[in-house]
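Student: just a sequence and a predicted model for now, questions to come.
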Amino acid sequence: MTSARTANLRSPLIRLLCAWICRTCGGRRPKSKRSLLLLCAACILYGIFIVSQIVNVLPQKPTQKVTATEQPRNFLEPNTFFVENSQPDGGAVNNSPTLQPNVVYITLRSKRSKPANIRGTVKPKKRRKSASLRQNELGHSIFQDVLPCPVILWDSSLSSTDNITQSSVKLKWGTYQKNLPHKCWLNGKAPKADLGCPDVHHHEWSKMALFDFLLQVYTRLDKNCCGFRPRKEDTCVQQGLHLKCDDPHNIDLMHIVQRKHDPRHLVFIKNKGYFDRSEDNLNFKLLEGIKEFPESAVSVLRSQKLREKLLQSFFLDNVFWESQRGRQGIEKLIDVIERRAKILLTYINAHGIKVIPMND
């Protein structure tokens, strides 16, 4: 459009200049003056020519109308950014007509707001891991299958595991029960060789039993589901293991894992909890042979602060918190754990279980 406008203006200007030259040359003027005027006219013509060429060479910005169906580039939400030319050839990021075929759009989630009314909650950096149920006493809850969980079997710090039992310490139920009264490695004393003690400290079994009972994790100590009535969807029923409870002493323990640099302590893996099991069908086989529990954990169960501590602990795990649809779903899980905690306290009192410090 600019080039056409320039041409339209240039034509009458040239005609006007030519008419003026003719009148100048036709008049009675000295020859020197006519020569000077002709030279000036030639310079003007040359200048017009140069200007017109420059205008034609300059790139023109085309005007573009945005139709109702087209979206401007910033149609995405404010916290979305894109990376151009990062998609492999032949791929498609999205079927939406508004997205460009070779652009990957990444939407950033807004910062999770802190749930209201969590008494005693402090900044995550200052919180202890797992709140009162500390990892060195009860381990850290990792919910598997449908719920996301870290893949920790590939952690280079863990000891090598058996492919069948996924354990670095291979034990059968009968051997496990036989070792419990020996209190292996208690007070740092090395056990006698003929006792057959594993490298795991005696207190670790008490911590694991308490943890597994509250969450009803049966896959570690009771993989055949011999201590409760399993459902048809439980792994032990699907694999037919619940029919093999006649000889429990020869049943392998599963997922008993240590770290290479710390074989005295256990690392809890495969901690899928079961919260829909009724109180009259809890697996007390998990507590069999246990004669003492950690004082710090039991004191929380008795102090009426279990809900507050669990709420703080679950809040640290954003993935699990969101998988339960926020605080409302978390509160339902805590209701179940609180009821089991009361049953466990009754069991401790009824069986004379000792509650002792366990800081090993």
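Tutor: Now that the structure is in, tell me what you want to look at. Residues are numbered from 1 along each chain as shown.

Student: sketch out the low-pLDDT regions of the stretch 251-360 of the chain for me.
Tutor: 360 (pLDDT under 70).

Student: with just CA atoms, put stretch 329-338 into PDB.
Tutor: In PDB, the C-alpha atoms belonging to stretch 329-338 read as follows (Å, rounded to 0.1, in the frame of the first residue of the first chain):
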ATOM      1  CA  GLY A 329     -10.300 -36.700  53.000                       C
ATOM      2  CA  ILE A 330      -7.300 -36.600  55.300                       C
ATOM      3  CA  GLU A 331      -9.500 -36.100  58.300                       C
ATOM      4  CA  LYS A 332     -11.400 -39.300  57.500                       C
ATOM      5  CA  LEU A 333      -8.100 -41.300  57.400                       C
ATOM      6  CA  ILE A 334      -7.100 -39.800  60.800                       C
ATOM      7  CA  ASP A 335     -10.500 -40.900  62.300                       C
ATOM      8  CA  VAL A 336      -9.600 -44.500  61.400                       C
ATOM      9  CA  ILE A 337      -6.100 -44.200  62.800                       C
ATOM     10  CA  GLU A 338      -7.400 -42.700  66.100                       C
END
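
Student: buried residues in the host helix or strand of Glu308?
Tutor: Element membership for Glu308, per DSSP states H and E: helix 306-316. Across helix 306-316, burial judged by 16 or more other CB atoms under 10 Å covers 306, 308-315. Yep, even glycine has a C-beta here, placed from its N, CA and C like the rest.

Student: go on, stretch 173-185?
Tutor: Under 16+ other CB under 10 Å, the buried positions of stretch 173-185 are 173, 175-176, 178-180, 183-185.

Student: in CSV: these, plus distance to Glu279 and pLDDT.
Tutor: Below are those laid out as CSV (distance: CB to CB, whole Å; pLDDT from 0 to 100):
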residue, distance to Glu279, pLDDT
Trp173, 25, 96
Thr175, 31, 95
Tyr176, 26, 96
Lys178, 31, 95
Asn179, 31, 95
Leu180, 26, 96
Lys183, 31, 94
Cys184, 33, 94
Trp185, 35, 93
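
Student: just the closest of the residues you listed to Ala350, please.
Tutor: Of all the buried residues of stretch 173-185, Ala350 sits closest to Leu180, with 19.1 Å by CB to CB.

Student: that closest one belongs to a helix?
Tutor: Yes - secondary structure of Leu180 (DSSP: H, G, I helix; E, B strand; the rest coil): part of a helix.
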